[in-house]
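Peer 1: Give me the fold of what follows.
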Amino acid sequence: MATPIDSRRGRIALMVGHCAGMVDLVALPIWIGALVAHYRFDPQQAGALATLFLLGVVLASVALAPLFHRSAGRAIASAGFALAALAFGLAATRADFATLAGLHALAGVATGAALSVTHGSIARSAHPHRLFAWAGAALGVFAVVFVAGTPQYIAAKGGAAIFIVFAAVMAVAALVSFFAFPSVRLSAVQHAPAPAAAAAPISRAVWFGIAGIACMTVVQAMTFSFLERAGIDRGFERSSINAVLIALGIVNLFPAALAALAERHLAARSVLLAGPPLQAMLAIGVTGSTALAPYAVSASLFAAVIIFTHTFAFGLLARLEPSGRALAATPAMMMAGSAVGPLLGGTLVKSFGYGSLGIAAALLAAAAVFCFSRLPSAAAHSPREATA
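Peer 2: Below you'll find the model as predicted:
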């Protein structure tokens, strides 16, 4: 039986898919740390593997987004997550760079396909800002569980444990998608955009918004990938760093929920202009601190900035681009920046040290602010929000 998007069952399936598809936002520091510590890859190689996964997500999302309205969401989501589970399961049995590179790329393509139909379905809900916010809150809960248990599991079982965890996450998402993924045909938003609107070019303002988000995701992935290693290489205790990761997960429970509550109280453009400078300041704190306290505070708050900011970006783009094409490409929008981040971060760390990440973050923040400044000061409410 088909599941409506705005039913409880449909929302849960989309939240689970969001958590699995956005696993990099939670796992990058542990992921990179395991590749460096247990597989003995250098930072550049470790970053390249994560980048291959993220590039796969981008390519799949770019290919599927224009076809979203004709896609079989349940089949794509369940098959994509199942294939990603298989790829990560195989990765747990191999240790050579070339094979891991191919499996990372395969997992990325599969995950990207599943995540694209997940985000496209969220965009077709009656309240896209709100549902995306609650999906972000679910990701925060997932992050607490993930960072509380995964480092200890890796310490006990070795580096392959990270891939076993990923495989389990993707397998759960595949099962939930198979039984509960919603149908866009049963969305509360039954009207389709007029043919002329659907065929019209995406406005320059929307493209600037997409570019600004990409800049922020570069900073996020570049810094977050080496959050754990930066602390270890500065001599902080492993127990302290694990505590910071748990604190980060707890903090991440709140920004998406706050974004949902603040939707009608904060101007989206103002939030977008404030987000990049704050993110850069925290990146400098993570990569440049030689004392534990500023490192811990900056690391704990770091991911919350992009979660809060991107929720407002999602809602604003839903109003500026009513055909939904931009939002169906949300994985590509985010992961295009994320794909560059680990490799760029690894190259900078290898060549110039951790301090160079803070400088790069500041430059990218300036670019993001410029892009977001091109957005209109206000956007008309979409029909679905006006009638909500």
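
Peer 1: all helices for the stretch 201-350 of the chain, in order.
Peer 2: 204-224, 227-233, 238-251, 255-261, 268-288, 292-320, 325-328, 330-352 (DSSP state H, counting those that start in this stretch).

Peer 1: Switch these over to JSON lines; also include distance to Gln45 and mean pLDDT.
Peer 2: (Glycine included, C-beta is placed from N, CA and C.) JSON lines is the format used below for the helices of the stretch 201-350 of the chain (distance: least, C-beta to C-beta, whole Å; pLDDT from 0 to 100):
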{"stretch": "helix 204-224", "distance to Gln45": "16", "mean pLDDT": "87"}
{"stretch": "helix 227-233", "distance to Gln45": "13", "mean pLDDT": "87"}
{"stretch": "helix 238-251", "distance to Gln45": "22", "mean pLDDT": "86"}
{"stretch": "helix 255-261", "distance to Gln45": "32", "mean pLDDT": "87"}
{"stretch": "helix 268-288", "distance to Gln45": "20", "mean pLDDT": "93"}
{"stretch": "helix 292-320", "distance to Gln45": "23", "mean pLDDT": "88"}
{"stretch": "helix 325-328", "distance to Gln45": "33", "mean pLDDT": "64"}
{"stretch": "helix 330-352", "distance to Gln45": "7", "mean pLDDT": "80"}
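
Peer 1: any chance of those helices in a markdown table, plus mean neighbour count and distance to Gly56?
Peer 2: A markdown table is the format used below for the helices of the stretch 201-350 of the chain (neighbours: other C-beta atoms under 10 Å; distance: least, C-beta to C-beta, whole Å):
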| stretch | mean neighbour count | distance to Gly56 |
| --- | --- | --- |
| helix 204-224 | 24 | 14 |
| helix 227-233 | 22 | 23 |
| helix 238-251 | 18 | 25 |
| helix 255-261 | 20 | 25 |
| helix 268-288 | 22 | 25 |
| helix 292-320 | 23 | 21 |
| helix 325-328 | 23 | 18 |
| helix 330-352 | 25 | 9 |
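
Peer 1: These: which one's closest to Ala72?
Peer 2: helix 325-328 (14.4 Å; C-beta to C-beta).

Peer 1: Show me the helices in the stretch 1-150 of the chain, by range?
Peer 2: 8-21, 23-37, 43-64, 73-91, 97-123, 128-157.

Peer 1: Serialize the ones you listed to CSV and add fields for distance to Met334.
Peer 2: Output for these, formatted as CSV (distance: least, C-beta to C-beta, whole Å):
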stretch, distance to Met334
helix 8-21, 10
helix 23-37, 9
helix 43-64, 9
helix 73-91, 17
helix 97-123, 9
helix 128-157, 12
